[in-house]
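[1] what would the 3D arrangement of this be:
(one chain, ligands or ions: 1)
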Amino acid sequence: METQIFKEKTYTLEILYHIGALEDSIHFIFDHQTKTCAIIDPAWEADLFIKIVTDKGYKLTDIWLTHWHFDHTNAVDELVEKTHAKVSVGINEVSYLQINTHPTTLKHNETIFIGNTAAKIINTPGHSAGSICYLLAGHLIAGDTLFVYGAGHCSLPGGNICELFHSLQKLKQIDDDIILCCGHDYGSKKVSTMGEQKRDNAFLLIDKESDFVNYVQGMQYGTISYPTTPMTYSQIMAML
Ligand SMILES: [Fe+2]
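    Numbers count the residues shown, from 1 in each chain. Predicted coordinates:
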């Protein structure tokens, strides 16, 4: 199992890569002062996640979801049963969620906390109807909205290509030095900054909605291949 750890002022972010059948990335936010932990999109390995948190002397108190898809939520009920953690999800995602636990709903621009560590909610529909990203001091937890050199598909219920375009335009306003943390490790490298992605990610480089739709539909039809490496604007335009 590959992991990555980022030590920040008020929290430590730990990432587990390639977890479960769909190789999800699982994010833990450990708040230093209160010794509480939030896990983002727990799936596949509930007991492993509990062990990771308790071995450090922390308590798992919160489960933050970016979207409803099975591969991001299938350990939620077991974790709630075993830890009584509180589940939070974007308000527009509730009707799609397939878990037994009743969640707290989050709105755009709201700030939530794990201990003394703050996370701002950014509504980013497109990959799903109520996808959200969590912006912390130093990191963007983007779920499946934005990947390193890529972005999420829009082919499941609630997905919408035009909405994804506008959500990604919104994410371009995030500071360049923020580290992008994704729901899957689909790119040619695991870690990147928003500055690097704004410069080299095809889905962020396209600035016209109609071009974006053509690009994503081209992938759906198999005429354009999904990018995993840096792209230039002219390379993208040559494909359309
Ligand atoms: Fe997803």
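[2] residue contacts, the spatially most central residue of the chain?
    Taking CA atoms, centre = their mean, the centroid of the chain lies closest to residue 143, which sits 1.4 Å from it. By CB atoms under 8 Å, 6 or more residues apart in numbering, the residues touching residue 143 are 40-41, 66-67, 72, 124, 127, 131-133, 152, 182-183. For the C-beta atoms, the positions are set from N, CA and C on the backbone; glycine is no exception.
[3] so which bits of stretch 87-95 are buried?
    Of the residues in stretch 87-95, 87, 88, 89, 90, 91, 92, 93 count as buried by neighbour count, 16 or more other CB atoms under 10 Å.
[4] assumed the first one was part of a helix.
    It stands for residue 87. No. Counting by DSSP: H, G, I helix; E, B strand; the rest coil, residue 87 is located in no helix; its state is strand.
[5] quick one: it and residue 100 touch, right?
    No. In this structure residue 87 lies outside contact range of residue 100 using CB atoms under 8 Å: 10.2 Å.
[6] please, which helix or strand holds residue 168?
    helix 161-171 (DSSP states H and E).
[7] mean confidence (pLDDT) on that helix, please.
    Averaging pLDDT along helix 161-171 gives 98.
[8] could you do stretch 104-123 as well?
    Rounded mean pLDDT across stretch 104-123 is 98.
[9] show me what counts as buried in it.
    Buried residues in stretch 104-123, counted by 16+ other CB under 10 Å: 106, 110, 112, 114, 115, 117, 119, 121, 122, 123.
[10] how about those residues, which pair is most distant?
    Greatest spatial distance in the buried residues of stretch 104-123: 115 and 123, 24.2 Å, computed using CB to CB.
[11] after the longest helix anywhere in the chain, which helix or strand is next?
    In the chain, taking DSSP state H as the definition, the longest helix is helix 209-221. With elements assigned by DSSP H and E, the helix or strand that comes after helix 209-221 is helix 233-239.
[12] name the residues of that following helix that are buried.
    residue 236.
[13] and what of stretch 201-208?
    For stretch 201-208, burial by neighbour count (16+ other CB under 10 Å) applies to 201, 202, 203, 204, 205, 206.
[14] OK, contacts around the fourth one?
    Under the criterion of CB under 8 Å, 6+ apart, the contact partners of residue 204 comprise 146, 168, 171, 172, 197, 198.
[15] and the second one, how far is that from residue 51?
    By that I understand residue 168. 36 Å (CB to CB, to the nearest Å).
[16] do the last one as well
    Residue 198 sits 37 Å away from residue 51, taking CB to CB as the criterion.
[17] so those two - more neighbours on which side?
    Comparing residue 198 with residue 51 by other CB atoms under 10 Å, the one with more neighbours is residue 198, at 15 against 11.
[18] shouldn't that one be within a helix?
    Yes. Per three-state DSSP, residue 198 lies within a helix segment.
[19] touching, it and residue 175? I think so.
    No. Using CB under 8 Å, residue 198 is not in contact with residue 175, being 10.2 Å away.
[20] give me the nearest residue to residue 182, chain neighbours excluded.
    Nearest non-adjacent residue to residue 182, counting by CB to CB, 6 or more residues apart in numbering: residue 147, 4.6 Å away.
[21] any idea how far that neighbour is from residue 175?
    With distances taken as CB to CB, residue 147 is found 19 Å from residue 175.
[22] so those two - more neighbours on which side?
    Taking neighbours as other CB under 10 Å, residue 147 and residue 175 compare with residue 147 leading, 25 against 11.
[23] residues touching that one, list them.
    Residues counted as contacts of residue 147 (CB under 8 Å, 6+ apart) are 182, 183, 184, 186, 187.
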